[in-house]
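Engineer: Structure of the sequence below:
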Amino acid sequence: MSRLASILVFIPGLAIFSCQQKPPAPNPPTPVNLATVKSSAVTYYDDYPATTQALSQVDLHAQVTGYVTAILFTEGTHVHKGQKLYEIDERLFKAAYDQAAANVQVAQGNQQQAQQDADRYQYLIQHNAVAKQTLDHAIIALQNAKNETAAAQQAMKTAETNLTYSVISAPFDGTIGFSMVKLGNLVTASTTILNTVSTDNPMAVDFLINEAQLNHYEQLQHEKHQLDSLFTIVLPDHSVYPHTGKISVIDRAVDPQTGTIRVRLEFSNPKLDLRAGMSCVVRVHNLEQKPQIVIPARAVVEQMGEYFVYVAKKDSALKALQVKIETGQTIGPNIIVKSGLQDGDRLVVDGVQALHDGSPITTANTMGPGQPGRRR
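Structural biologist: Take a look at the predicted model:
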């Protein structure tokens, strides 16, 4: 009975104790840094990986068979159109040409003799001093002699061409590469590659754009008044090439697998700083004239492929409200915002990792940039 009385006394005491407990204190406001959003003029570049290309490139082949007797250039240097590069043993071709030239002289002599016979019989037939058949035969012999002369002349041209082909010359101004043959090597007509020559001034720079940008680049191609620095390139040593470029060609078709299309720029290359096959970065100058909103990139939070920022709003207390934005070009530590913010918004730039939509915030305690959630 005493035990039951003790329990009955304990229960009211417990009720009284529970009623005296206070609710847990709310989380304190998160200290943040704020910045006021303001539009401004922005200069930036869109960057594209690119490769330099020669506008024209030719593999040099031997057109006659023979042994290389001379190499008349320095590898890797600039050559001029018509400059002699290789010589192939010409003795056989020179002998064939001389023989063909002699055959032409013989054929011309036979033609001259046939012409004289035909003229003589033509005179005699007028005085009935020779049979008509004799004149007919003389005329036929003259025509055959003319044909033989023409054939001999064509043979001489062929021999002359082969003799000319024993010397390989540069087809245009450009840079020549490493020789694929050495002195004394046997080369075969139309098979052996001797070397490669590529144009070097101007040079082409190829890069890929998304098909959605095609209309914009077609407009740039046909605009007469373009910004001087619209197209520039950054070289592999991270230096900016001193000359600007212009659109030369836009490819005929979009790659259906990647949704991209190739654009070719043309750059002056007076000092031959650009070489075919170099990797570089094409910088396309931003032509947007109206002011744009630029915010620190550290203020942006990515969630499932979408981007958000926190904007400070004051109701009964200062709170951080999550706002979805559309981002644009990254410029160093900053990023362009295309939509979602407007001038005058107070943006949380530090402390975003500790926030969620509706979090209470305070600016009473400042924080170091890049140290979200940590008091200074």
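
Engineer: Endpoint to endpoint, stretch 28-36 covers what distance?
Structural biologist: 24 Å (C-alpha to C-alpha, to the nearest Å).

Engineer: Show residues contacting it.
Structural biologist: Defining contact as C-beta atoms under 8 Å, 6 or more residues apart in numbering, one finds that stretch 28-36 is touched by 295-296, 299, 310, 312, 317-318, 320, 344-352, 354-355, 359-367, 369, 373, 375. Where you see a C-beta, it was placed from the backbone N, CA and C, and this is true even at glycine.

Engineer: Stretch 328-347 too?
Structural biologist: Outside stretch 328-347, the residues within contact range by C-beta under 8 Å, 6+ apart are 34-39, 42, 44, 46, 286, 292-300, 309-312, 323-327.

Engineer: which parts of it are buried?
Structural biologist: Residues G328, Q329, N334, I335, I336, V337, G340, L341, D345, R346, L347 are the ones in stretch 328-347 that count as buried (16 or more other C-beta atoms under 10 Å).

Engineer: Kindly export that stretch (C-alpha atoms) in PDB.
Structural biologist: Extracted in PDB, the C-alpha atoms of stretch 328-347 (Å, rounded to 0.1, in the frame of the first residue of the first chain):
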ATOM      1  CA  GLY A 328      26.700  32.700 -68.500                       C
ATOM      2  CA  GLN A 329      30.500  33.100 -69.100                       C
ATOM      3  CA  THR A 330      32.900  32.700 -66.300                       C
ATOM      4  CA  ILE A 331      35.300  35.600 -66.000                       C
ATOM      5  CA  GLY A 332      38.100  34.800 -63.600                       C
ATOM      6  CA  PRO A 333      36.600  34.500 -60.100                       C
ATOM      7  CA  ASN A 334      33.300  35.900 -61.300                       C
ATOM      8  CA  ILE A 335      30.400  34.700 -63.400                       C
ATOM      9  CA  ILE A 336      27.800  36.400 -65.600                       C
ATOM     10  CA  VAL A 337      24.100  35.900 -64.500                       C
ATOM     11  CA  LYS A 338      21.700  35.900 -67.500                       C
ATOM     12  CA  SER A 339      18.500  35.700 -65.500                       C
ATOM     13  CA  GLY A 340      17.200  35.300 -61.900                       C
ATOM     14  CA  LEU A 341      18.700  38.500 -60.400                       C
ATOM     15  CA  GLN A 342      18.100  42.200 -60.800                       C
ATOM     16  CA  ASP A 343      19.900  45.400 -59.800                       C
ATOM     17  CA  GLY A 344      19.500  46.100 -56.100                       C
ATOM     18  CA  ASP A 345      19.200  42.500 -54.900                       C
ATOM     19  CA  ARG A 346      21.300  41.900 -51.800                       C
ATOM     20  CA  LEU A 347      23.300  38.700 -52.500                       C
END
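
Engineer: Give the rounded mean pLDDT of that stretch.
Structural biologist: In this model, stretch 328-347 has a mean pLDDT of 87.

Engineer: now the strands for the stretch 251-376 of the chain?
Structural biologist: 260-267, 279-285, 292-296, 301-303, 306-314, 318-331, 334-339, 346-350, 359-362 (DSSP state E, counting those that start in this stretch).

Engineer: With distance to G184 as added columns, please give those strands in JSON lines.
Structural biologist: Shown next, in JSON lines, are those (distance: least, C-beta to C-beta, whole Å):
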{"stretch": "strand 260-267", "distance to G184": "41"}
{"stretch": "strand 279-285", "distance to G184": "38"}
{"stretch": "strand 292-296", "distance to G184": "67"}
{"stretch": "strand 301-303", "distance to G184": "66"}
{"stretch": "strand 306-314", "distance to G184": "68"}
{"stretch": "strand 318-331", "distance to G184": "59"}
{"stretch": "strand 334-339", "distance to G184": "64"}
{"stretch": "strand 346-350", "distance to G184": "73"}
{"stretch": "strand 359-362", "distance to G184": "83"}
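
Engineer: Of the ones you listed, which stretch is the most buried?
Structural biologist: strand 346-350 (a mean of 22; mean count of other C-beta atoms under 10 Å).

Engineer: among the buried residues of stretch 328-347, which two are most distant?
Structural biologist: For the buried residues of stretch 328-347, the farthest-apart pair by C-beta to C-beta is Q329 and R346; their separation is 23.7 Å.

Engineer: most centrally placed residue in the chain?
Structural biologist: D206 (1.2 Å; C-alpha atoms, centre = their mean).

Engineer: so who does that one touch?
Structural biologist: D206 neighbours (C-beta under 8 Å, 6+ apart): A50, T51, T52, Q53, R262, V263, R264, L265.

Engineer: List phi and psi for it.
Structural biologist: When read as degrees, to the nearest 10, the backbone of D206 gives phi -100, psi 140.

Engineer: Extract the residue ranges of the protein that are flagged as low pLDDT.
Structural biologist: 1-26, 224-229, 287-289, 365-376 (pLDDT under 70).

Engineer: ok, longest helix in it?
Structural biologist: Determined from DSSP state H, the single longest helix within the chain is helix 91-126.
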